[in-house]
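Undergrad: Task: produce atomic coordinates for the following.
(chains A and B)
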2 protein chains.
Amino acid sequence: MLQTRIIPPAPNAYTCPLLIKRLLLSGVRYEKTREIVYRDRLRYSYATFTERVARLANVLTEAGVKAGDTVAVMDWDSHRYLECMFAIPMIGAILHTINVRLSPDQILYTMNHAEDRFVLVNSEFVGLYQGIQGHLTTVEKTLLLTDGEEHDAALPNLVGEYETLMDAASTRYEFPDFDENSVATTFYTTGTTGNPKGVYFTHRQLVLHTMAQAASMGSNDSVRLLGTSDVYMPITPMFHVHAWGLPYTATMLGLKQVYPGRYDPELLVELWRREKVTFSHCVPTILQMVMNAKAAQGVDFNGWKLIIGGSALTRGLYEAAKATGIQLTAAYGMSETCPMISSGHLNEELLAGNEDECISYRIKAGVPVPLVEASLMDAEGRHLPLDGESQGELVLRAPWLTQGYFKEPQKSEELWEGGWLHTGDVALIDEMSCIDIRDRIKDVIKTGGEWISSLELEDLISRHPAVRDVAVVGIPDPQWGERPFALVVVNPGQEFDARALKEHLKPAVEEGHINKWAIPTQIACVTEIPKTSVGKLDKKRIRADIAQWLDSGSPFLSTL
Amino acid sequence: MLQTRIIPPAPNAYTCPLLIKRLLLSGVRYEKTREIVYRDRLRYSYATFTERVARLANVLTEAGVKAGDTVAVMDWDSHRYLECMFAIPMIGAILHTINVRLSPDQILYTMNHAEDRFVLVNSEFVGLYQGIQGHLTTVEKTLLLTDGEEHDAALPNLVGEYETLMDAASTRYEFPDFDENSVATTFYTTGTTGNPKGVYFTHRQLVLHTMAQAASMGSNDSVRLLGTSDVYMPITPMFHVHAWGLPYTATMLGLKQVYPGRYDPELLVELWRREKVTFSHCVPTILQMVMNAKAAQGVDFNGWKLIIGGSALTRGLYEAAKATGIQLTAAYGMSETCPMISSGHLNEELLAGNEDECISYRIKAGVPVPLVEASLMDAEGRHLPLDGESQGELVLRAPWLTQGYFKEPQKSEELWEGGWLHTGDVALIDEMSCIDIRDRIKDVIKTGGEWISSLELEDLISRHPAVRDVAVVGIPDPQWGERPFALVVVNPGQEFDARALKEHLKPAVEEGHINKWAIPTQIACVTEIPKTSVGKLDKKRIRADIAQWLDSGSPFLSTL
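TA: Reported below is the predicted structural model:
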């Protein structure tokens, strides 16, 4: 290490660790009377919110939660979850956001692995919880979360019901200072193989992530995503990467926030309308559901800015959303990255050019936000040029990346091989520093020595007017190694087959965007495409389904 | 300290220290071809800028600069200064920005005290430098900065001329990682008593300051100050608190930047026009000079956003600027605070109210930016309520405050008394978290047991159409302790005396804004008001001048 000059602070100087409590302090200063809204059930001001965070800290402390303890939450998106995102870390404990869409066995695994000592359980999950609680090895106490309904839930070691306890608690709590490297949150990635893996983020990481999100989204004039007059409603679950960290950012900036509970598309549209929501984020699948909702038909969504992440933003979806007034921008991140890595940024040159090229940049993964360093690596760990042509694994450095998988030294080392976080995504980065995700390394279709991006094919196919949803995977082929196979959901009343697909892709072949062997010669038209618990294409299951159809013959298949 | 959970990173994980090099990386990614402009002398792209920072690192390294060394710069605002703001800290050295407006003795003092080993001297300061160089105790080598003119400067141990050395240097430099708590910059406060005091800021502090500046200014929809399409030109010197840190923020966001050299008002207006400047910052005095420039007469400055700091922003100046199209917003900070502490933020309630009240908030010191904590203390170190009425010393906590004065343990301890940084400013903080600076503690006028804010009086007097500039100080009075005394610069062709002043202040007395004994019964009309080297009212000299006039009788005096 270089011998720089480090001056010890004056003995009485305050060194100011980066703690989550500072984010809350900022929001309530900006807008004391702005509202936080939970469905049609509750609304209160930032001033009340601040008091409620103190109340919750008292409730937890009185229940026996101590610094260093892990407190798990099983809830839909709510004001309670937001309160937990602050109060739990602010007393030095760790918030474990449980992915309630995992199987009971997986939930059980994550709770034991994370060493949860306290659990807050929404009444809707009491049944699920009772099914696993006999196997929980570390949990000592439970709290019940309800929307005010009567309940007689028999939870073991129940401290009480959330709102009842909150009512009785003091609105004052002296939140202590501690090491900014203390773990604040943890959750588990929904790996497609093996056990879920626990990632974890410190106070320092979450504060820096929040600052970078506000700095990049707030100052971005080319794709203005976020400002203090926005009304925020998440449509990616709070249990999944802290709803992309945006509840922290929204709180720091004092934004009005709307929490919709479980994602009922009709309710989401209703909340958007009633609360004048201007800013959300979601995965493509959920957006499809929202746009297909009854309440959404014929509605002009103008003024609604939506960030799309989790899966690639196709041009088809972009155009479909635009036709309803929704302005989409892609962003990139993953569980391991807190998650914000990059988002749409159009430079001077692009903005001076044509609209079509601007769109092609809005739907890419975007430019890394400040403090992030992105590179590409080949299979031997060599850095590749960022020239818009070289494809390699996207690798990252930033101050908010998980520093490993909890209690998984081997997997942690693989994640950080060579001192860079390996994303498992194949990408290229062009002269404008824009990241273009081509595929998951394991989803790339290797045919005749060439790599075909399944994402690119999905994007092209999605532009066909008959296609509502699409997935492309490689299936084994004795001659070519692999061949692409398309799974398609067709719009009601429309038709689509292998011939139509070939016709549709012809221009892309002629213009040199794809090779002719990238055209799937087999497709299956289904009513629904398998998705993971967080709404991503479940390519593992898709491959298994296809293998079975190919073995057994299937009515869905269309072959050239 | 609380026993939280701290998980050691995976052995090969990259922990990502907060280093200034990351800010540069971000800017060039956003806008590779955007320009950095120096007067009418030079313009180049961010891509070239990045190369030039590497060149400068090579020049300095070859000249013998090592990590931990202090490198001083004596220059006007230039691309060179910007390059130094990056290259010097990025090699682990410390940038000492010399206040070239100090007296030669003071400059000598600061250079010896800071232990400068290398000095970069603009040819304009060669004479000054030659005058002190015999007394410099630590300087080993010098570099000459020129605008390309011929020179035969006899500088001792001259390495060479900047551009010549840059031309010969490599554009590649592997900037190393090191501890984020390494000192990056230092400079000296222009104390009105005693020797200048050295403040210092680390990489971590400057990165966090930059993030907070971008986050707060970029996302602020109520007073939008900064976005990626802005064109930035500083009008507070780069040697003074890193031009408020904005060159770092502008660089991180990839903004076009314009450096005007020495502040010639005619040139500033010309650069504003030619380069389409939209965003600047300055002290009131300089803005007055700019608005009075020949080139500014009759010009519509619409679209130029200017932050005012250093001294209070009076309503008179706000209105005068508005009449020319310039949109002013106040911000607050000081040398010890890096400097950003607060800036104008109008909450929902204010925005829904009347324009006049909004203006009264735009000219106050504003709401603390994220991560800053502001409080008020009485003389006994007790915290006062933030109720808009209690007045006390403004005290601060934030991650970017100087952790002491360099080699001044006693003064450092005073600065940080009770674990809060003492600003020396009397303020109140209202329910909207807006800071209202009333006065410097030492400038408050103590009359008959009451405290009168000299700033408030100056603000009121500034609104008189005949008044161009004003200062109010307390002068000793046998009966009242102190009495206010006004020093006024009158607009050409107009008149102003004690009677007119009394008449002007009458409404404020009647409406209860000030007490009637706050009306100065004596004023002096002068052609210029003494200012410090950074453009603040020099109240020490003003008091001395007034004492002399009162002793000797003066033609300037007007008495009721």
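Undergrad: Could you list every helix and strand in contact with the least confident helix or strand in chain A by mean pLDDT?
TA: Here the helix or strand of chain A ranked lowest by mean pLDDT, DSSP states H and E is strand A:450-452, holding a mean of 76. When contacts are defined as 3 or more CB pairs under 8 Å, 6 or more residues apart in numbering or on different chains; DSSP states H and E, strand A:450-452 sits against strand A:445-447. The way it works is simple: take the backbone N, C-alpha and C, and place the C-beta from them, glycine included.
Undergrad: Name the residues of the strand it packs on that are buried.
TA: Neighbour counts over strand A:445-447 (16 or more other CB atoms under 10 Å in any protein chain shown) mark A:I445, A:T447 as buried.
Undergrad: Quick one: residues in contact with it.
TA: With contact meaning CB atoms under 8 Å, 6 or more residues apart in numbering or on different chains, strand A:445-447 is reached by A:451-454, A:457, A:472-474, A:477, A:480-484, A:517-518.
Undergrad: gap between the least confident helix or strand of chain A and the chain center?
TA: 28 Å (CA atoms, centre = their mean, to the nearest Å).
Undergrad: Just the buried residues out of the contacts of strand A:445-447, in PyMOL syntax.
TA: The PyMOL selection below is limited to those of the contacts of strand A:445-447 classed as buried (16+ other CB under 10 Å):
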select buried, chain A and resi 452+453+454+457+472+473+474+480+482+483+484+518
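Undergrad: With adjacent residues omitted, what lies nearest to A:G227?
TA: B:D221 (4.0 Å; CB to CB, 6 or more residues apart in numbering or on different chains).
Undergrad: is it true that that neighbour touches A:L226?
TA: No: between B:D221 and A:L226 there is no contact under CB atoms under 8 Å: 9.6 Å.
Undergrad: who's more crowded, those two?
TA: Set side by side, B:D221 and A:L226 show more neighbours around A:L226, with 28 against 16, by other CB atoms under 10 Å in any protein chain shown.
Undergrad: List, one by one, the residues from the stretch 101-250 of chain A near chain B.
TA: A:176-179, A:181-183, A:200, A:202, A:207-208, A:211-212, A:214-222, A:224, A:226-230 (CB under 8 Å from any CB of the partner chain).
Undergrad: Inside helices: which ones of those?
TA: A:V207, A:L208, A:M211, A:A212, A:A214, A:A215, A:S216, A:M217, A:G218, A:S219 (DSSP state H).
Undergrad: would you list those in a markdown table and tack on pLDDT and neighbour count?
TA: Conversion of these to a markdown table gives the following (pLDDT from 0 to 100; neighbours: other CB atoms under 10 Å in any protein chain shown):
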| residue | pLDDT | neighbour count |
| --- | --- | --- |
| A:V207 | 98 | 28 |
| A:L208 | 98 | 24 |
| A:M211 | 98 | 29 |
| A:A212 | 98 | 27 |
| A:A214 | 98 | 29 |
| A:A215 | 98 | 30 |
| A:S216 | 97 | 33 |
| A:M217 | 96 | 30 |
| A:G218 | 96 | 26 |
| A:S219 | 96 | 32 |
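Undergrad: for those, which one is nearest A:E161?
TA: A:V207 (32.0 Å; CB to CB).
Undergrad: ok, that closest one to B:L208 distance?
TA: Between A:V207 and B:L208 the computed distance is 9 Å (CB to CB, to the nearest Å).
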